[in-house]
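>>> Sequence and predicted structure, then a few things I'm wondering about:
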Amino acid sequence: MIKLMKFLIVGGTAFVADYIFFNTLLAGGLGLTISRVIAFWFALQITWLGNSFFTFRQNNTTNSLRRWVKHCVTGHFTGCINIGAFLVAVDLNANHDIAFIGGILIGTAVNFFCADRWVFTQTKA
């Protein structure tokens, strides 16, 4: 349960950064989809750092590059779910803020499972 709480703290921090960055890009004239994708990539790096050094630091025994690649693979998989849900909601005329939050919630559930079971697993020496 503590691990889940830490994961949610990191995710909440990334969510705030993601949301601010997304709206900044959108206000700067980038399109809805490209703003969402760029902001997602930014947040992915924040979650990598937070989960590596806070949530799963006791499992920080394997190669950092390998874990980062696994994190990015997982992040892109869950990002497709996240952004897909976002785009479906927007197509259904949902407010982009509601669509944004819905995509994040769906992606977060899948992401925790993948991070806990694959990305940050301890390897035996």
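Cool, got the structure. Numbers count the residues shown, from 1 in each chain.
>>> For this protein, which segments are assigned as helices?
Assigned by DSSP state H, the chain shows helices spanning 2-27, 32-50, 64-91, 96-114.
>>> will you turn these into TSV that also has distance to residue 56 and mean pLDDT?
For glycine as for every other residue, the C-beta is placed from the backbone atoms N, C-alpha and C. As requested, these are exported to TSV (distance: least, Cβ to Cβ, whole Å; pLDDT from 0 to 100):
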stretch	distance to residue 56	mean pLDDT
helix 2-27	7	93
helix 32-50	10	91
helix 64-91	9	88
helix 96-114	11	86
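>>> Next one: the closest residue to residue 47 other than its chain neighbours from residue 93, what distance?
Nearest residue to residue 47, sequence neighbours excluded (Cβ to Cβ, 6 or more residues apart in numbering): residue 14, at 4.7 Å. Look at residue 14 and residue 93: by Cβ to Cβ, to the nearest Å, they are 27 Å apart.
>>> Neighbour count: the two, which is higher?
Ranked by neighbour count (other Cβ atoms under 10 Å), residue 14 and residue 93 place residue 14 first, with 23 against 7.
>>> Residue 15 reaches residue 105, doesn't it?
No. Assessed by Cβ atoms under 8 Å, residue 15 is found out of contact with residue 105, at 9.7 Å.
>>> out of the two, which sits in the busier spot?
Counted by other Cβ under 10 Å, residue 15 and residue 105 do not tie: residue 15 has more neighbours, with 19 against 13.
>>> wait, what's in contact with the residue lying closest to that one once chain neighbours are set aside?
In space, and not counting its chain neighbours, residue 15 is closest to residue 104: 5.9 Å by Cβ to Cβ, 6+ apart. Residue 104 makes contact with 15, 18, 82, according to Cβ atoms under 8 Å, 6 or more residues apart in numbering.
>>> burial of the last one, as a residue count?
Each residue near residue 82 was counted by other Cβ under 10 Å, and the total is 25.
>>> Please report how far the closest residue to it other than its chain neighbours lies from residue 31.
For residue 82, ignoring the flanking residues on the chain, the nearest one in space by Cβ to Cβ, 6+ apart is residue 107 at 3.2 Å. As judged by Cβ to Cβ, residue 107 and residue 31 stand 21 Å apart.
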